[in-house]
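# Quick one, structure for this:
(one chain, ligands or ions: 1)
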Amino acid sequence: MFGVMRSPRTILFGAGQRRALGPVVRSFGSRVFICSDQRIDSDPLLAELVDQLQGAGLVVEAFKGVQPELPLSCVVEAEVLARQFAPDAIVGLGGGSCLDTAKLLALSLAYPGPLSDYYGEFKVPGATLPVIALPTTAGTGSEVTPVAVLGDPARQMKIGISSPHLIPRVAICDPELTLSCPPGLTAIAGADALTHAIEAFMAARRPPSYALALEHVFVGKNRLSDGFARQAIAALAANLKRAVEDGADLEAREEVMFGALAAALAFGVAGTAAAHAIQYPVGALTHTAHGIGVAALMPYVMEFNRSAVQAEAAEIAHIFDRTGSEEDLAAAASGAVADLLMAIGIPSNLAALGLTEDHQDWVAEQALLATRLIKNNPRPLDRRGVSAIVAAALHGDLHQLKSYDS
Ligand SMILES: NC(=O)c1ccc[n+]([C@@H]2O[C@H](COP(=O)([O-])OP(=O)(O)OC[C@H]3O[C@@H](n4cnc5c(N)ncnc54)[C@H](O)[C@@H]3O)[C@@H](O)[C@H]2O)c1
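From the prediction side, this is the model:
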């Protein structure tokens, strides 16, 4: 048996937990820099948090310019303001883009050189400034993960910095902060979380060794990640549609936020795989949100991987209330996930995202360059395999993969 757990020192979860923010931040010093977007001025719950920090005796400065999908320029802009201010701690307040800005800013302020020096795995030399993360979407789980993702115009695709040093010191997950998410955002973020949980649960299992977690940020499926992945899939399978249909349903919001948190605790160590590898070029071509791309691909990747992870596929179908033998259940898993995604409005094919046939080869080539993700796929993936997934996903033909044989 093998297990790895990496997480913030403190996770506070539940309705109203945001009220702990002032005292939590005060324990790190007296000057706090907030990374957020324009919503900080228009959403009373967020404005209240700024008042709370000031009420706790903190000197507060805020960068309100974070853009979705996080272009590098946002982090550079935030850094100019933050350097003058010299904070003791950084608060990330918003969706994954705001939390990733906080994590990258904490790195930029602690170490010299451009962020590109740290692209990849294990390049961050040591501790960064403390980050306290408050998500306002239930999806990315960035509040607990060792990765931050950004768009660098010098690169065709989004790029990540992965290091245990990037994990926020404290995550405060208050589902009330997600009540304002419109149905589309709830669906995309929740589908992102479901994809994290499924990819972590179905990830490759590596031979256990003491060196594995020392050499890799993402170590593959393991006993600890499986526990969180199962809880995440169950919470999302039962509640995501409810939260999309009735955004005021606090119980559903709680379950979905818990699902997103648990999914991130799982993928933050296990890693993700083919759906994420293929989404990077798809996202670069179609300029669509990360969550929509990974979710649209997920059923196809599940179907491709089924023979390598029959037990896991069967367990997922069981969580989705399907019945039958292990083989029957495994065969039903990708369809069960596709049904939920369709019910919440996620496109069931890549053509709907704007991908065309002439993009297929480039997408397959680029996906294969994400070697860390490709190696983490439970079924070995070569050019033919990736092309088969892309072709099936392009036109939404899950059956095409049922007969795929390597
Ligand atoms: N670091 C990680 O572990 C990780 C994992 C997955 C994805 N990501 C990254 O996270 C980013 C996506 O994050 P996201 O899906 O949370 O979206 P986002 O942060 O890009 O925000 C999308 C939009 O939603 C709005 N929004 C956020 N919270 C809201 C609320 N409560 N009510 C109304 N509107 C709200 C934002 O203002 C923004 O306009 C991408 O850059 C992706 O690559 C990071």
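# Quick check, pLDDT for the spatially closest residue to Cys181 that is not a sequence neighbour.
Of all residues not flanking Cys181 in the chain, Thr137 sits nearest, at 6.0 Å (Cβ to Cβ, 6 or more residues apart in numbering). Just so you know, the C-beta spots here come from the backbone N, C-alpha and C atoms, and that holds for glycine as well. pLDDT for Thr137: 98.
# ok, so what distance separates Thr137 from the ligand?
Distance of Thr137 to the ligand, computed by Cβ to the nearest ligand atom, to the nearest Å: 4 Å.
# tell me the contacts of that residue?
94-96, 178, 181, 185, 189, 260 (Cβ atoms under 8 Å, 6 or more residues apart in numbering).
# end to end, how far does stretch 282-294 reach?
Its first and final residues considered, stretch 282-294 spans 9 Å by Cα to Cα, to the nearest Å.
# Now do the buried residues in that stretch.
If you call a residue buried by 16 or more other Cβ atoms under 10 Å, then stretch 282-294 has these buried ones: 282-286, 288-294.
# Ok, stretch 105-120 next?
Neighbour-count burial for stretch 105-120 flags 105-109, 111, 115, 118 (criterion: 16+ other Cβ under 10 Å).
# Tell me the span between the first and last residue of that stretch.
Per Cα to Cα, stretch 105-120 runs 17 Å from first to last residue.
# Report back the residue of this structure that's furthest from centre.
Distance from the C-alpha centroid of the chain, by Cα atoms, centre = their mean, peaks at Gly57 (33.3 Å).
# Verify the contact between it and Ser30 for me.
Yes. Applying Cβ atoms under 8 Å as the test, Gly57 and Ser30 come out as touching, 7.0 Å apart.
# hang on, the earlier thing: near the ligand too, which of the buried residues of stretch 282-294?
Contacts with the ligand within the buried residues of stretch 282-294, counted by Cβ under 6 Å from any ligand atom: 290-291.
# What distance do you get for Arg384 to the ligand?
Distance check for Arg384 against the ligand: by Cβ to the nearest ligand atom, it reads 28 Å.
# before we move on, what about Ala331?
According to Cβ to the nearest ligand atom, Ala331 and the ligand sit 29 Å apart.
# Quick one: residues contacting the residue in the stretch 251-400 of the chain positioned nearest to the ligand.
The nearest approach of the stretch 251-400 of the chain to the ligand comes at His290, 4.0 Å away (Cβ to the nearest ligand atom). With contact taken as Cβ under 8 Å, 6+ apart, His290 is in contact with 69, 96, 140, 149, 158, 192, 279, 283.
# Now, these that are in strands?
With strands defined by DSSP state E, the entries of the contacts of His290 inside them are Val149.
# Secondary structure element holding Ile172?
Taking DSSP states H and E as the criterion, Ile172 maps to strand 170-173.
# ok, Gln156 - contacts?
Residues in contact with Gln156 (Cβ under 8 Å, 6+ apart) are 281, 284, 366.
# Distance to Val124 and pLDDT added to the contacts of His290, as JSON lines?
Output for the contacts of His290, formatted as JSON lines (distance: Cβ to Cβ, whole Å; pLDDT from 0 to 100):
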{"residue": "Glu69", "distance to Val124": "22", "pLDDT": "87"}
{"residue": "Gly96", "distance to Val124": "19", "pLDDT": "97"}
{"residue": "Thr140", "distance to Val124": "19", "pLDDT": "97"}
{"residue": "Val149", "distance to Val124": "15", "pLDDT": "96"}
{"residue": "Lys158", "distance to Val124": "18", "pLDDT": "88"}
{"residue": "Asp192", "distance to Val124": "24", "pLDDT": "97"}
{"residue": "Gln279", "distance to Val124": "24", "pLDDT": "96"}
{"residue": "Gly283", "distance to Val124": "24", "pLDDT": "95"}
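# Out of the contacts of His290, grab the one that's most surrounded.
When neighbours are counted by other Cβ atoms under 10 Å, Gln279 leads the contacts of His290 with 34 neighbours.
# So which residues on this structure come close to the ligand?
37, 39, 68-70, 94-98, 100, 136-137, 139-142, 145, 147-149, 158, 177-178, 180-181, 185, 189, 192, 290-291.
# Paired strands for the strand holding Ile172, with orientation please.
Paired strands of strand 170-173, with direction, are strand 10-13 (parallel), strand 131-135 (parallel) (DSSP bridges).
# And the contacts of that strand?
For strand 170-173, the surrounding residues in contact (Cβ under 8 Å, 6+ apart) are 8-14, 17-18, 20-21, 24, 130-135, 143-144, 257-258, 261.
# mind listing what's buried in the helix or strand bottoming out on mean pLDDT in the chain?
When the helices and strands of the chain are compared on mean pLDDT, DSSP states H and E, helix 399-402 comes out lowest with a mean of 88. Under the neighbour-count criterion of 16+ other Cβ under 10 Å, helix 399-402 has 400-401 buried.
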